[in-house]
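>>> here is my input; please provide its structure:
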Amino acid sequence: MVIGIIAVLVGILFPAVSAGRQQSRTLVCQSNLRNLSQACQMFAIDHDGELPIGTSRSEQANTNGAMRICVWAMVAGKNGVADLAVPANAKNPPGVIWKYIGGDDAVRRGTIWCPQDGSEANVSAPASDQPSVDRNFSYSWNDQVRTSGTPNPAVPPTGMKLNRISNPTGKIYILEEVGPNDARSTTPWSNSASGSDLVSGRHGKVSALQPGSAGYTEAGKSNVVYFDGHVELMPVSAMLNSGLFTLP
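A predicted model of the protein is given here:
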C-alpha cells in the first residue's frame with residue numbers, strides 16, 4: 001500500500017520537477033540573450049552606432065580586419081568552436097563584445113552557452129584533439145547586419161548602424177541554432193533536415209525528434225532577442241517568417 005502511494009507521488013512529482021528544470025534553463029538562456037544584446041548595444045555606442053556581427057567559419061583571430069567588428073574569432077577547422085583563447089594582449093581578446101559582457105571569463109563562457117544544449121559538447125577551451133562536432137557557444141547573429149566582407153577574409157567586414165534598423169521591435173538580432181555552426185545565421189527559417197542555420201527548438205518537446213523535420217519545427221520552441229533588446233520564447237514554426245529577419 002505504502003509503496004503504491006509512493007509510486008503515485010513519484011509519478012505526479014517527477015514531470016513537475018522536470019518541467020521546472022526546463023523552465024529554469026529557458027530563463028537562464030533568456031538572461032544570456034539579454035546580456036549579449038546589451039553587450040552589442042554598448043559596443044555600438046562606442047563605435048558610432050555600428051553593430052557587431054556574427055563570425056563566419058573563415059574568420060579567425062589572425063584574419064585581416066575581422067576582429068574589428070566580429071563578436072569573436074573562430075577556431076580554424078572547427079565549425080562551432082569560438083576561439084576563447086586569443087592572447088590577452090590581442091587588440092580585442094577574444095572578440096569585440098567580450099569586454100562588454102559582465103563577470104569574469106567563466107561567467108562570460110556561461111553567457112554564450114544555453115544550458116538546454118547540455119546534450120552537446122560544451123568545451124571550455126579549444127584543443128587540438130577536439131572533433132568538429134564540439135562547440136562552446138549556442139547563439140548566432142543575424143548576418144544581414146554584415147554590410148561588407150561576406151565573408152571574404154580579404155575584405156574587412158563592417159556592421160550596419162543601429163539607427164538603420166527600421167523596425168527594431170520586430171526584427172531578430174540573435175537566435176539559437178542547432179550546432180555545430182558558426183556565429184552567423186543567413187537562413188534561420190530553414191526547416192529542412194539537411195538545411196543550414198537550423199533554429200534550435202530545444203525549449204520545446206523535441207527530445208526524440210530530428211532537427212529540421214516537420215515534427216521538430218511544430219514542437220520546437222526557441223529564444224530570440226530583437227534589436228530593441230527584448231527577448232521572446234517563440235515556436236520554431238513562427239520563425240519561418242523571413243520578415244522577422246530581413247533588414248533593414
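>>> what's the closest non-adjacent residue to residue 177?
residue 140 (4.5 Å; Cβ to Cβ, 6 or more residues apart in numbering). C-beta coordinates here come from the backbone N, C-alpha and C atoms, glycine included.
>>> ok, now residue 41?
Of all residues not flanking residue 41 in the chain, residue 229 sits nearest, at 6.8 Å (Cβ to Cβ, 6+ apart).
>>> got it, and residue 160?
According to Cβ to Cβ, 6+ apart, the nearest residue to residue 160 is residue 145 (4.7 Å).
>>> pretty sure that neighbour sits against residue 49.
No. Counting by Cβ atoms under 8 Å, residue 49 is not a contact partner of residue 145; they are 11.9 Å apart.
>>> who has more neighbours, the two?
Higher neighbour count among residue 145 and residue 49: residue 145, with 27 against 14, using other Cβ atoms under 10 Å.
>>> tell me the contacts of the more buried one?
51-54, 159-160, 173, 247 (Cβ atoms under 8 Å, 6 or more residues apart in numbering).
>>> go on, residue 158?
Contacts of residue 158 (Cβ under 8 Å, 6+ apart): 50, 69, 146-149.
>>> how far away is residue 173 from residue 218?
Look at residue 173 and residue 218: by Cβ to Cβ, to the nearest Å, they are 25 Å apart.
>>> neighbour count winner among those two?
residue 173 (26 against 15).
>>> how many neighbours does residue 103 have?
Neighbours of residue 103 (other Cβ under 10 Å): 11.
>>> count the residues that sit near the nearest residue to it once chain neighbours are set aside.
Nearest residue to residue 103, sequence neighbours excluded (Cβ to Cβ, 6+ apart): residue 111, at 7.5 Å. The burial count assigned to residue 111 is 23, neighbours taken as other Cβ under 10 Å.
>>> just the pLDDT for residue 111.
Among the per-residue scores, residue 111 shows a pLDDT of 93.
>>> can you give me the strands in this structure?
Taking DSSP state E as the test, the strands found in the chain are 139-142, 146-148, 158-159, 172-176, 184-185, 221-226, 231-235.
>>> neighbouring contacts of the fifth one?
Spelled out, it's strand 184-185. Contacts for strand 184-185 (Cβ under 8 Å, 6+ apart): 53-56, 140-143, 146, 151, 175, 177, 197.
>>> could you list the low-pLDDT ranges of this structure?
1-20, 22, 61-66, 86-93, 119-134, 149-155, 180, 188-196, 208, 212 (pLDDT under 70).
>>> ok, which stretches of it are helices?
Remark: helices assigned in the chain by DSSP state H are 2-46, 105-111, 214-219.
>>> and the last one, what does it pack against?
Secondary structure elements in contact with helix 214-219, counted by 3 or more Cβ pairs under 8 Å, 6 or more residues apart in numbering; DSSP states H and E, are absent; no helix or strand qualifies.
>>> gap between that helix and the chain center?
The chain centre lies 20 Å from the centre of helix 214-219; the measure is Cα atoms, centre = their mean, to the nearest Å.
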